[in-house]
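Student: Pasting the sequence and the predicted model now:
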Amino acid sequence: MVQRRGGDEITLLDSSIRTAGGAVVSTPLYVLSGVVYALVTSPAATGTFFFVSIVAALVLRPVRGVSQTLQKLGSEPSERVGAYLGLAVLFAVGYLAAGGGVATLLTGSLTRRTVFTADLLAPAGVYAASLALSMIVLSLLGAIGYPSAQTWLGGTQTGVRLAAIVLLDSLVTSATELLVVSAAVRVALFVPVGVYLGVRPRMPGRRELRRAWEFAKWSIPDQVLDRFSYNMPVFVLGVVATPTAVGVYEAADRFADFGATISWRLSSPLLTKVSGDAAAGNDYAAYLDGAITGGTGVTFVVFGYLLGAHDVVARIAFASARTAFATTVLVVGGVNILRGFWTLTSHAMEALGKPSVSFRTKLYGLVFSVPVPTLLGAEYGAVAGAAGYGVMNLVICGYVCYYARDVFGHIPVETTTAVHLTVGGVVASLLTIGVVSGGVPSSLSPTRVAALAAAVCLCGFLGVLLVVSSPTRVVARRAVELSRGTLRGVV
């Protein structure tokens, strides 16, 4: 059984380093999954799987809202985690049962209006149940003080799933098989982990119900908008465009989303830390600006890489839709610098009990952005999705900055760190352009050129930061210490 730590006792630097390490392992697997799915099946099957799985994730956002409540309140000192876990489990079971009934009644409408087919309904239901299970277990890990383990467990799940799909290549030929394999892997991993954690679900009392409602009444709609805002182009393209357009956009988004995904991963230990400190009366202002600004760092290097290598990546991933993929991946990669910032800032505000602010910002972003792919998606496909994604993030980031002044008293940006990241991104971009310019005319394959450019880009970015940024050197030294400690423990 895992021993619980209070949320106010977690060291943010150590937790963030461990989380970032897991993200560096898990995010490439997530990024590559779209390409692997397309190679094993087809772009159309991959697009259908993405649409179904993303719809399931959206429909289950109320479960995510309650599990987020579990992590937020469970991370506070002296709270009964088992009561909030019991509430999350009861809500998930009831919600899945009700959702299954509604989906059965709407089968005809779903098959007429979307890429759903009748044979996908049962696999989608199984997939949804496994997804709800993973949401609760991951939030429980954060609640008891191990947010970094969320990333490592999620990465393990992605890696095992990709391995299973590759090994079962001859059997996995459609979206149905992709859904079934994904659900089976989740159940096989998350059930044993949930049992091992040793936290028993308990019936919540009036106090827990009242506290949970105060947070969840905003957390639930916020989580719905969070998922819809992230995948809005896919939802819209799935209705107005083709499965291929969905597949091109989602594969490009997963590739360009590397940096923003790491920022999202880092938001979990930030939420746990700020929540615990605020509840215990400890100061969180000392680390807030640096954690939010530094947490966006990988988005800078990803955009720098894409500026020089977007066309090479397009040749590898979607040669049949090269221009659309290259344009989409470049737009999304640039906009994700803003997404990384507002994601971290929003989670910090949630940690202070302000999920209503996060809800409002995403609502405003959707109001301005949904018309873009709706009107242009049929003609421009994935590129229209990228344009809508860009508009949405610009609006959300603007409103997050506006509300941050009320919640924190200022916009949580550490100017010096932001300048260092910008310089590192520019250097990384120039190095990438140089490698691609020399590698493309040579006999090297596009895959080798892309890999070499990525290595040079990353080394250049890190080299610049290690020279000019003292916080980067502190993080690097602590990362080395933690790595040595882990290796000694293994040995």
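Tutor: Thanks, I have it.
Student: mind listing what's buried in the longest helix seen in the chain?
Tutor: Once the chain is assigned using DSSP state H, the helix that runs over the most residues is helix 206-240. For helix 206-240, the neighbour count (16 or more other Cβ atoms under 10 Å) marks 208, 211-212, 215-216, 218-240 as buried. The way it works is simple: take the backbone N, C-alpha and C, and place the C-beta from them, glycine included.
Student: Tell me how confident the model is about that helix, as a mean pLDDT.
Tutor: Mean pLDDT, helix 206-240: 85.
Student: what packs against it?
Tutor: Contacts defined by 3 or more Cβ pairs under 8 Å, 6 or more residues apart in numbering; DSSP states H and E place helix 206-240 against helix 43-59, helix 61-74, helix 81-105, helix 243-256, helix 355-369, helix 371-380, helix 382-407.
Student: Mean neighbour count, those helices: which tops it?
Tutor: Comparing the helices and strands packed on helix 206-240 by mean neighbour count (mean count of other Cβ atoms under 10 Å), helix 243-256 comes out on top with a mean of 28.
Student: quick check: angle from that one to helix 206-240?
Tutor: Here helix 243-256 runs at an angle of 130 degrees relative to helix 206-240 (axes from the mean of the first three to the mean of the last three Cα atoms, to 10 degrees).
Student: quick one: low-confidence ranges for the stretch 251-400 of the chain?
Tutor: Counting by pLDDT under 70, not a single residue of the stretch 251-400 of the chain qualifies.
Student: Go again with 90.
Tutor: Where the stretch 251-400 of the chain drops to pLDDT under 90, the residues are 251-259, 261-262, 264-287, 309-326, 350-359, 377-382.
Student: excluding its backbone neighbours, what's nearest the most centrally placed residue in the chain?
Tutor: Nearest to the mean C-alpha position of the chain, counting by Cα atoms, centre = their mean, stands Thr261 at 4.4 Å. In this structure, Thr261 finds its nearest non-sequential neighbour in Thr27, 4.9 Å apart by Cβ to Cβ, 6 or more residues apart in numbering.
Student: show me what contacts the one you found?
Tutor: Counting by Cβ atoms under 8 Å, 6 or more residues apart in numbering, Thr27 touches Gly155, Phe258, Thr261, Ile262, Arg265.
Student: Against which helices or strands is the helix or strand in which the third one is found packed?
Tutor: Spelled out, it's Thr261. If you go by DSSP states H and E, Thr261 is part of helix 258-280. The elements that helix 258-280 packs onto, with contact taken as 3+ Cβ pairs under 8 Å, 6+ apart, are helix 12-40, helix 61-74, helix 121-143, helix 147-167, helix 285-294, helix 297-317, helix 322-351.
Student: what's the angle from that helix to helix 243-256?
Tutor: Using the same axes, to 10 degrees: helix 258-280 against helix 243-256 is 60 degrees.
Student: Which positions in helix 258-280 come out as buried?
Tutor: Buried, per 16+ other Cβ under 10 Å, within helix 258-280: 258-279.
Student: okay if I get the helices and strands packed on helix 206-240 as a markdown table plus distance to Val423?
Tutor: Shown next, in a markdown table, are those (distance: least, Cβ to Cβ, whole Å):
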| stretch | distance to Val423 |
| --- | --- |
| helix 43-59 | 36 |
| helix 61-74 | 36 |
| helix 81-105 | 44 |
| helix 243-256 | 21 |
| helix 355-369 | 29 |
| helix 371-380 | 32 |
| helix 382-407 | 21 |
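Student: pLDDT at the residue lying closest to Tyr37 once chain neighbours are set aside, what is it?
Tutor: Leaving aside its sequence neighbours, Tyr37 sits nearest to Thr46 (Cβ to Cβ, 6+ apart; 4.3 Å). Thr46 is assigned a predicted lDDT (pLDDT) of 75.
Student: dump the residue contacts of Thr46.
Tutor: Counting by Cβ under 8 Å, 6+ apart, Thr46 has contacts Gly34, Tyr37, Ala38, Ala175, Leu178, Gly247, Glu250, Ala251.
Student: mind redoing it with 10 Å?
Tutor: Shown in contact with Thr46 (Cβ atoms under 10 Å, 6 or more residues apart in numbering): 33-40, 175, 178, 243-244, 246-248, 250-251.
Student: For Leu73, see how far away it is.
Tutor: 38 Å (Cβ to Cβ, to the nearest Å).
Student: and the helix or strand encompassing Tyr196 with helix 43-59, angle?
Tutor: Using DSSP H and E, the element containing Tyr196 is helix 175-197. If you take the same axes, to 10 degrees, helix 175-197 sits at 40 degrees to helix 43-59.
Student: Can you mark which positions in helix 175-197 are buried?
Tutor: For helix 175-197, by 16+ other Cβ under 10 Å, it's 175-186, 189-190, 193-194, 197.
Student: swap in stretch 303-323?
Tutor: With the criterion 16+ other Cβ under 10 Å, stretch 303-323 contains buried residues 303-318, 321-322.
Student: try stretch 281-299
Tutor: Those would be 284, 287-299, for stretch 281-299 by 16+ other Cβ under 10 Å.
Student: Give me the distance between the nearest residue to Val191 once chain neighbours are set aside and Ala88.
Tutor: The shortest distance from Val191 to any non-neighbouring residue, by Cβ to Cβ, 6+ apart, is to Leu133 (7.1 Å). According to Cβ to Cβ, Leu133 stands 11 Å off from Ala88.
Student: Identify the contacts common to the two.
Tutor: Val63.
Student: just checking, what packs against the helix holding Tyr196?
Tutor: Helix 175-197 sits against helix 12-40, helix 43-59, helix 81-105, helix 121-143, helix 147-167, with contacts defined as 3 or more Cβ pairs under 10 Å, 6 or more residues apart in numbering; DSSP states H and E.
Student: how about the spatially closest residue to Glu214 that is not a sequence neighbour, phi and psi?
Tutor: Using Cβ to Cβ, 6+ apart and skipping the chain neighbours, the partner closest in space to Glu214 is Gly353 (7.8 Å). Dihedral pair for Gly353: phi 80, psi 30, per degrees, to the nearest 10.
Student: dump the residue contacts of Gly353.
Tutor: Shown in contact with Gly353 (Cβ under 10 Å, 6+ apart): Lys72, Leu73, Arg211, Glu214, Phe215, Trp218, Ser275, Ala278, Ala279, Val407.
Student: The third one against Leu70, yeah?
Tutor: No. Here Arg211 does not reach Leu70: they are 11.3 Å apart, not a contact under Cβ atoms under 10 Å.
Student: Look at Ile411 and give its secondary structure.
Tutor: Under DSSP: H, G, I helix; E, B strand; the rest coil, Ile411 falls in the coil class.
Student: how about it, phi and psi?
Tutor: According to degrees, to the nearest 10, Ile411 has phi -80, psi 120.
Student: Contacts only, for it.
Tutor: Counting by Cβ under 10 Å, 6+ apart, Ile411 has contacts Asp289, Ile292, Phe341, Thr345, Val400, Cys401, Tyr402, Ala404, Arg405.
Student: closest to Ser369 among those?
Tutor: Lowest distance from Ser369 to the contacts of Ile411 (Cβ to Cβ) belongs to Val400, with 14.9 Å.
Student: Not including adjacent chain positions, what is the nearest residue to Val440?
Tutor: For Val440, the spatially nearest residue (Cβ to Cβ, 6+ apart) is Val449, at 6.1 Å.
Student: All good on my end, thank you.
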